[in-house]
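Asker: Any chance you can model this:
(one chain, ligands or ions: 1)
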Amino acid sequence: MRLVFAAAFMLCGACATRQAPLPPIPAEVRAWQDAVDWDEAGDEAVDLLAEYLKIDTSNPPGGEFEGAMYLAAQLDRDDIPWKTYEIAPGRTSIVGRLAAKDPTAPPLCLVSHIDVVPADAAEWPEESGPFSGVIDEEGMLWGRGALDMKGLGTAELQVMALLKRLDAPLRRDVLLVAVADEEVNNLGMIQLVEDHWDDLNCAYVINEGAYGVVDALFEGQTVHAISVGEKGALWLEVIARGEPGHGSTPLPDTAIDRLRQAMARIDERTAKPDWHPMMMELLANVGNHRGGFSGGVLRRPAMVKSLARGKILANPLTRASLTTTFNLTGLQGAEGFNVVPHRAVARYDIRLQPEVTAEEVVAEIEELVAGIPTIEVKVARTFGGAVSEWRGDPVYEAIASHAIDGRPDAVAGPFLSIGFTDSIFARHKGARAYGYAPFVIDRELLETMHGHRERIPVDQVREGARRLFGIVVQTAVDVAQAPPSAPAKGRAVAPVLMPHEEPAAAPSDEGPPQDASDDPASPSQD
Ligand SMILES: [Zn+2]
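Answerer: A predicted model of the protein is given here:
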């Protein structure tokens, strides 16, 4: 086997994938990055996140209003106009806007969600609980949402503030879009996309989706997978019916028997891998960066498909990235032990490859279960996957360049997310969305997202703001104009702004405080 491997490796020398190198970061962009006092701005980034983490926006129930008002108070410090959108009482999304004077390109939207998944405080350390915002002696900032995703949300907020403080000449509007309800029903983003897309008109979205992960595939290598697409979802029920009865008397052909037959046939389907170009490009980049024998395999698509296939499909994560997956996530029948139900239900969470439609999969299931009496296939919710073009895209390239800048151990590449985020709804409106959190973490920390003890290294909070600032400058600022010579500094965090309060007074060098009620773009809250 090893010999075959080596022979194929040599024969395949010509078929290795060689990516065009990423364009270098322009000196003008670095000049803007250097126009910020990053010691002070880094302190501010940490304070902003720590305070945000203290606000409990657990969803359910959500309670994003207070989170939105916190962001509003910070935007007010810098006279950045904002507008709120309510999905339900106490559940609010907020959009802040830096308007370009003469925009030559459509908006760049910095998207985050305000809500977090619930946390069981008993599973967290007493002194650094889920809403503590505490920094421990190892330099970790604790709180539910540190990674998912108040961390990126505050980096985005701070980028807005720094652009404003530097009076950056924008080529396009830059929007801060912080939404409610990402973690449950995506109602905040869906509302913006369906009812207010004309206001937003995001050509580009930067949102959650992936982190830089240390030792992701090989020890000593950090991989920045940039999410350029997401799988679709098809949530469906397979329902069987039959004669009800008493548990003491087994009869043939009950609803449960029929459902079991249907489930067995569905289990038999085989998933064909879809070797999509994102996966191939990411593996090739990893291979080129890693070098050596394994690297040589990874940058040869033909060898990945033949020789690495088994390993890739055996890993649940890479398998999910390459196939349409069926996951049986629920079963329902009668409540009592002694009752034969008249109706039995199997629930499937099916995740669709981007080019696979729900109709195709439903037809496939109906064909598989054909002939079993009474079986009904019922769709509960579905939406298709989507991929944003990344090849040659300037925003994607800026993200990839800044992700690995000054990090010889790091490599970046495109990635298909196996879960979905709010980006999917923007993608369906034609926006190019990229999932990228500018933080490097290890796998242990990655698992704290939606788990216990979520936390983020403070040095990453500081560094992440700087990298995201560079990306936004490169893609939204007319860098031919030089930055001002006095550096932009950090600011003290403003307390949460509740609607009955006056906005926090801006410091005197920023002009008079903005009266929110005079601004047409200001709060629609009552
Ligand atoms: Zn999230």
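
Asker: What residues does this structure have near the ion?
Answerer: 148-149, 208 (C-beta under 5 Å from the ion). Bear in mind the C-beta positions are built from the backbone N, C-alpha and C, glycine included.

Asker: again, only using 6 Å
Answerer: 113, 148-149, 182, 208 (C-beta under 6 Å from the ion).

Asker: closest point of the stretch 201-350 of the chain to the ion, which residue?
Answerer: residue 208 (4.8 Å; C-beta to the ion).

Asker: which residues does that residue contact?
Answerer: Going by C-beta atoms under 8 Å, 6 or more residues apart in numbering, residue 208 touches 111-113, 148-149, 152, 421, 435, 437.

Asker: How about it: what's its closest non-neighbour residue?
Answerer: residue 149 (4.5 Å; C-beta to C-beta, 6 or more residues apart in numbering).

Asker: what does stretch 35-51 contact?
Answerer: Contacts of stretch 35-51 (C-beta under 8 Å, 6+ apart): 70, 74, 133-135, 141, 143, 146, 150-151, 154-155, 157-158, 162, 166, 456, 458, 461-466, 469, 483-485, 487-493.

Asker: Mind checking which of those residues are in strands?
Answerer: Judged by DSSP state E, the subset of these located in strands is 141, 456.

Asker: Make a PyMOL selection of whichever of the contacts of stretch 35-51 turn out to be buried.
Answerer: A single PyMOL command is used to select the members of the contacts of stretch 35-51 judged buried by 16 or more other C-beta atoms under 10 Å:
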select buried, resi 70+74+133+134+135+141+143+146+150+151+154+155+157+158+162+166+456+458+461+462+463+464+465+466+469+483+487+488+490+491+493
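
Asker: Please name the residues that touch the closest residue to the ion within the stretch 401-526 of the chain.
Answerer: Nearest residue of the stretch 401-526 of the chain to the ion: residue 421, at 6.2 Å (C-beta to the ion). Contact analysis of residue 421 by C-beta under 8 Å, 6+ apart lists 182, 207-209, 227, 230, 435.

Asker: and these, which two are the farthest apart?
Answerer: The span of those, defined through C-beta to C-beta, is set by 182 and 227 at 14.5 Å.

Asker: All the helices of the stretch 51-200 of the chain, residue numbers only.
Answerer: Assigned by DSSP state H, counting those that start in this stretch, the helices in the stretch 51-200 of the chain fall at 64-77, 150-165, 187-195, 197-200.

Asker: Save those as TSV, and put in mean pLDDT too.
Answerer: Output for the helices of the stretch 51-200 of the chain, formatted as TSV (pLDDT from 0 to 100):
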stretch	mean pLDDT
helix 64-77	97
helix 150-165	98
helix 187-195	98
helix 197-200	95
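
Asker: So in the chain, where's the weakest helix or strand by average pLDDT?
Answerer: helix 2-11 (a mean of 40; mean pLDDT, DSSP states H and E).

Asker: ok, now how distant is the residue of the stretch 201-350 of the chain closest to the ion from residue 408?
Answerer: 26 Å (C-beta to C-beta, to the nearest Å).

Asker: repeat for residue 169
Answerer: Residue 169 is 33 Å from residue 408, by C-beta to C-beta.

Asker: Among those two, which residue is more densely surrounded?
Answerer: residue 169 (17 against 8; other C-beta atoms under 10 Å).

Asker: give me every residue that touches the more buried one.
Answerer: 101, 477-478, 481.
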